[in-house]
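Chemist: For reference, the sequence and a predicted model appear below.
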Amino acid sequence: MTARIVHIARNTFREAVRDRALYNLIAFTLLLSGAAIFVGQISIEIERLVVVNLGLTAVSLFGVVIAIFIGIGLVSKEIDKRTLYTVLSRPVRRWEFIIGKFFGLAGTLVVNTFFMAIGVFGALLYVAHKFSKPDALILVALYFIILEFLIICSLALLFSSFSSPLLSAVFAFSLFVIGSFADDLRGFARLTHGFTRWFATGAAYLVPNFSTLNVISQVAHQQPLRAQLILQNSLYALFYTAMALSGAVLIFERRNLK
Amino acid sequence: MAAIEILGLEKTYMVGFWRKRPKRALEPLHLTVEEGEIFGFLGPNGAGKTTTLKMLMGLVFPTAGTARLLGRAWTDPEVKAQIGFLPEQPYFYDYLTAHELLDYYGQLSGVSGPDRKRRIDEVLARVGLTDIKGLQLRKFSKGMLQRVGIAQAILHNPRLVFLDEPMSGLDPLGRREVRDLIEQFKQEGKTVFFSTHILSDAEALCDRVAIIHKGQLRGVGEIEQLTSSVQGKVEVIWQGTQVPASMKALGAECHVTGDTVRAVLAANQQDAAIDALRREHIRLIAITPLRTSLEAYFVEKLQHSQTAAGTTAGTAAGSNV
């Protein structure tokens, strides 16, 4: 069981690499090195702030784009191209396929983030000439970004299990945008009354809360982060991902592969 | 033991915008294939062959019915370790090489490391792809992909092999090679269930065939048994250059070649033809029963079903009036 999931995950990772998904790293490197040189020349005292802000935001956005655009095709592409037929005609359970695909994409994003993180730290070293203790918080921000990717991967996979790639992309991207303002949505829900309050609160808690996973600004300003937040966010991301994956499995288990 | 027991599998799709209109893809199907048989599943395009195979592979869920493969429930994932499947017009992960693809499928089928390496080399040699095992599949021709498809279907040395249109799109040489492979599978004791609409392939390979049309099973049995059920003809050859009028009266189709005449007529006219030749003192050379081809049987079954459908429609229309 575990072995089959690992094999599927490894093949998904290999597909992403061979389909040149990691080429985004080139664009990222160019962006960050250009920005570091530019910032180093024009800003005084805020080089670090700008580089951390820009670097982490780029890590997040590049990853989200990859997660959505690979994630939406993970299942539907296999059905359209009929590559799934020769996989599911082996002793592979459908849920193993979904979970394997998820880990494959998640692994791709972790590797991608690892290389981008090296880029961020490299740019930081270039502008600040040395690392300071608060720079370790960048690792926490990167961890939260990876949690964000896990949620997006699972959502993309969920949509991919029943809808076309285009619609899946629209759904996943919409949820990413709405989820980035989840705190505002919850604030709005508190201001309303009656049925609207119920509805708004339900919607606010249903969409993924990406705003709680975004600590880029705090890290850039070297503000401390609570250890409790790390635990809370980890549990939240784990729970949300598990729910979305369960949904994907439930749908896919019943789907006719015409 | 029966390798395949299909017990009333049927499939109805709901079509239309609201998915409310039922479309019957397969009527309840009952079929048994014994172990070691080469079984042909014949029918025109859209007959329900691929739907049946997809249901047996667990890719499509039946509306009703059940099946057993190698004595176990067809939904049991573990039985699939003993099954090989070649889909119609197979498409594989084109970023992989043939070797990598087979390695991946071997892993999924639970073939252990050293055994897997040996089996991959064996099957690649068997389908003639050893020289290009390091080439990415995106550079493969259709025929080469079909070979990869066969290689992946037999990689884990399955007891039961399902092949969906294995010869489709292949050139004559490729078809011949696939035929030879299927014959080898039989010699190895494997059960082969293959769907095709190329009747000559079925005729050359199959122990038994089933004919399906519009989702309904029209006939099943050994080819000779099936074709003998269609009224046969005999070929009568005699020496001479003349066709007696009495032979023409029997409805014989006669062709004169050199100093022999060849006549083909209905088998029940055979005795009358012999009598006619005796009366004319003509020297008879041979009388041979003409075997009805599978194609003739197939066409008759299809025409019969169309006529029946037409009659039913006519009756329905008549009753409406």
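Modeler: It's in.

Chemist: use CA for all of it now, contacts and neighbours both
Modeler: Fine.

Chemist: Quick one: the strands in the stretch 151-258 of chain A, in order.
Modeler: Taking DSSP state E, counting those that start in this stretch as the criterion, the stretch 151-258 of chain A carries no strands.

Chemist: ok, residues contacting the helix or strand bottoming out on mean pLDDT in chain A?
Modeler: Ranked by mean pLDDT, DSSP states H and E, the weakest helix or strand in chain A is helix A:24-42, scoring a mean of 76. Helix A:24-42 has contacts (CA atoms under 8 Å, 6 or more residues apart in numbering or on different chains) with A:47, A:50-51, A:54-55, A:58-59, A:62, A:112, A:115-116, A:119-120, A:123-124, A:126-127.

Chemist: got any ranges where chain A has weak pLDDT?
Modeler: The model of chain A has pLDDT under 70 over residues A:1, A:40, A:44.

Chemist: Alongside chain B, which residues does it contribute?
Modeler: In this structure, chain A approaches chain B at residues A:4, A:7, A:11, A:15, A:18-19, A:81-83, A:85-93, A:254-258, judged by CA under 8 Å from any CA of the partner chain.

Chemist: Please flag which of those sit within strands.
Modeler: Using DSSP state E, no member of the residues of chain A next to chain B falls in strands.

Chemist: Would you show me how to pick out the buried ones of those in PyMOL?
Modeler: Here is the PyMOL selection string for the buried members of the residues of chain A next to chain B, based on 16 or more other CA atoms under 10 Å in any protein chain shown:
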select buried, chain A and resi 4+7+11+15+82+83+85+86+87+88+89+90+91+92+93+257
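
Chemist: Sort out for me which of the residues of chain A next to chain B are in helices.
Modeler: Within these, residues falling in helices by DSSP state H are A:4, A:7, A:11, A:15, A:18, A:83, A:85-88.

Chemist: want to try TSV for the residues you listed, with distance to A:Y205 as columns?
Modeler: Shown next, in TSV, are these (distance: CA to CA, whole Å):
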residue	distance to A:Y205
A:R4	35
A:H7	35
A:N11	35
A:E15	35
A:R18	38
A:T83	37
A:Y85	38
A:T86	40
A:V87	37
A:L88	36
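
Chemist: Which members of those residues are the farthest-apart pair?
Modeler: A:R18 and A:L88 (22.9 Å; CA to CA).

Chemist: ok, then the element right after the least confident helix or strand of chain A?
Modeler: helix A:47-71 (DSSP states H and E).

Chemist: Which residues belonging to that following helix are considered buried?
Modeler: Quick answer for helix A:47-71 (16+ other CA under 10 Å): A:47-60, A:62-71.

Chemist: Residue of the stretch 101-250 of chain A closest to chain B, please.
Modeler: Nearest to chain B, among the residues of the stretch 101-250 of chain A, is A:K101, at 13.8 Å (CA to the nearest CA).

Chemist: show me the residues around that residue that make contact.
Modeler: Going by CA under 8 Å, 6+ apart, A:K101 touches A:5, A:8-9, A:12, A:74.

Chemist: Now do the strands in the stretch 201-321 of chain B.
Modeler: Under DSSP E, counting those that start in this stretch, the stretch 201-321 of chain B gives strands at B:208-213, B:216-222, B:233-239, B:253-257, B:260-266, B:284-290.

Chemist: Could you save the ones you listed as JSON lines and add columns showing distance to chain A and mean pLDDT?
Modeler: JSON lines is the format used below for those (distance: least, CA to the nearest CA, whole Å; pLDDT from 0 to 100):
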{"stretch": "strand B:208-213", "distance to chain A": "19", "mean pLDDT": "93"}
{"stretch": "strand B:216-222", "distance to chain A": "19", "mean pLDDT": "91"}
{"stretch": "strand B:233-239", "distance to chain A": "44", "mean pLDDT": "86"}
{"stretch": "strand B:253-257", "distance to chain A": "49", "mean pLDDT": "85"}
{"stretch": "strand B:260-266", "distance to chain A": "46", "mean pLDDT": "87"}
{"stretch": "strand B:284-290", "distance to chain A": "43", "mean pLDDT": "84"}
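
Chemist: Let's have the ones you listed in CSV, adding mean neighbour count and distance to A:D184.
Modeler: Conversion of these to CSV gives the following (neighbours: other CA atoms under 10 Å in any protein chain shown; distance: least, CA to CA, whole Å):
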stretch, mean neighbour count, distance to A:D184
strand B:208-213, 23, 61
strand B:216-222, 17, 60
strand B:233-239, 19, 86
strand B:253-257, 15, 91
strand B:260-266, 20, 89
strand B:284-290, 14, 85
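
Chemist: I'd say A:S164 and A:S76 touch.
Modeler: Yes. At 6.7 Å, A:S164 and A:S76 qualify as touching, with contact defined as CA atoms under 8 Å.

Chemist: Count residues in the vicinity of residue 133, would you?
Modeler: Using chain A. Neighbour count of A:K133, defined by other CA atoms under 10 Å in any protein chain shown: 7.

Chemist: my bad, the chain I had in mind was chain B
Modeler: Neighbours of B:K133 under the rule other CA under 10 Å: 20.

Chemist: residues contacting it?
Modeler: If you count contacts by CA under 8 Å, 6+ apart, B:K133 has them with B:97-99, B:124.

Chemist: Sweet, I'm off.
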